[in-house]
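Enquirer: Structural data only, the sequence is not supplied:
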């Protein structure tokens, strides 16, 4: 492929996917921290609650749904769990967190954060058309990376003389992270 065609392909794919790359990067950063805070939700109301909890083995889907109903929360329970001594029951627009030993906790009701919530849906979407589009996007990112390595033909910053070292470092770093952490 001629140098100008490589540059044109690199430029055009880069321009076409610029918005998606920024959106994915932004929502990916937010997704990395979703265990510590709820970037896609705005808290509307928080109120204390005290529950009599059965033994951990008796806490199941039926118990979680009944508890949510008894507390006046509408909607289906999305998930429930006990982690680090805290019972967590999550619904679409509310969450119940209760200390498993004391039974004290809170109900937090929220609404979706505009734009942020929709951007985070990109990472969770499993519809067929989105999967195909994401595959095309992934292939395009590979093409952008490869054409980027071919763009500089002369000088000390060519891929062959310089870029391969950074590329190898870019491969090694996540591998070390996966193996060590």
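Expert: Perfect, I can see it now. Everything numeric in this text was worked out from a predicted model, so none of it was measured.

Enquirer: burial count for the residue nearest to residue 101 when sequence neighbours are not counted?
Expert: Residue nearest to residue 101 in three dimensions, not counting chain neighbours: residue 85, with 6.4 Å by C-beta to C-beta, 6 or more residues apart in numbering. The way it works is simple: take the backbone N, C-alpha and C, and place the C-beta from them, glycine included. Each residue near residue 85 was counted by other C-beta atoms under 10 Å, and the total is 10.

Enquirer: How about residue 95?
Expert: 21.

Enquirer: just to revisit the earlier point, ramachandran coordinates for the residue nearest to residue 101?
Expert: Backbone dihedrals for residue 85, given as degrees, to the nearest 10, come out at phi 80, psi 10.

Enquirer: for the one 5 residues further on, same thing?
Expert: Backbone geometry at residue 90, expressed as degrees, to the nearest 10, gives phi -110, psi 130.

Enquirer: Check which residues of the lowest-mean-pLDDT helix or strand in the chain are buried.
Expert: Every helix and strand of the chain was ranked by mean pLDDT, DSSP states H and E. The lowest is helix 116-124, at a mean of 76. Using 16 or more other C-beta atoms under 10 Å as the burial criterion, the residues of helix 116-124 that qualify are 116, 117, 119, 120, 122.

Enquirer: Next secondary structure after it?
Expert: Per DSSP states H and E, the first helix or strand lying C-terminal to helix 116-124 is helix 128-151.

Enquirer: helices and strands around that following helix, which ones?
Expert: Counting contacts by 3 or more C-beta pairs under 8 Å, 6 or more residues apart in numbering; DSSP states H and E, helix 128-151 is packed against helix 3-32.

Enquirer: Which helix or strand lies directly C-terminal to the helix it packs on?
Expert: Next helix or strand after helix 3-32 toward the C-terminus (DSSP H and E): strand 41-50.

Enquirer: Which strands border that following strand, and is each parallel or antiparallel?
Expert: strand 104-112 (antiparallel) (DSSP bridges).

Enquirer: starting at the chain centroid, how far to the partner strand?
Expert: The chain centroid and the centroid of strand 104-112 are separated by 21 Å under C-alpha atoms, centre = their mean, to the nearest Å.

Enquirer: Next, the angle from it to helix 116-124.
Expert: Angle between the axes of strand 104-112 and helix 116-124 is 90 degrees (criterion: axes from the mean of the first three to the mean of the last three C-alpha atoms, to 10 degrees).

Enquirer: Tell me the predicted confidence for the residue positioned nearest the centre of the chain.
Expert: For the chain, residue 31 is the residue whose C-alpha lies nearest the centre (C-alpha atoms, centre = their mean; 3.2 Å). Looking at residue 31, its pLDDT stands at 76.
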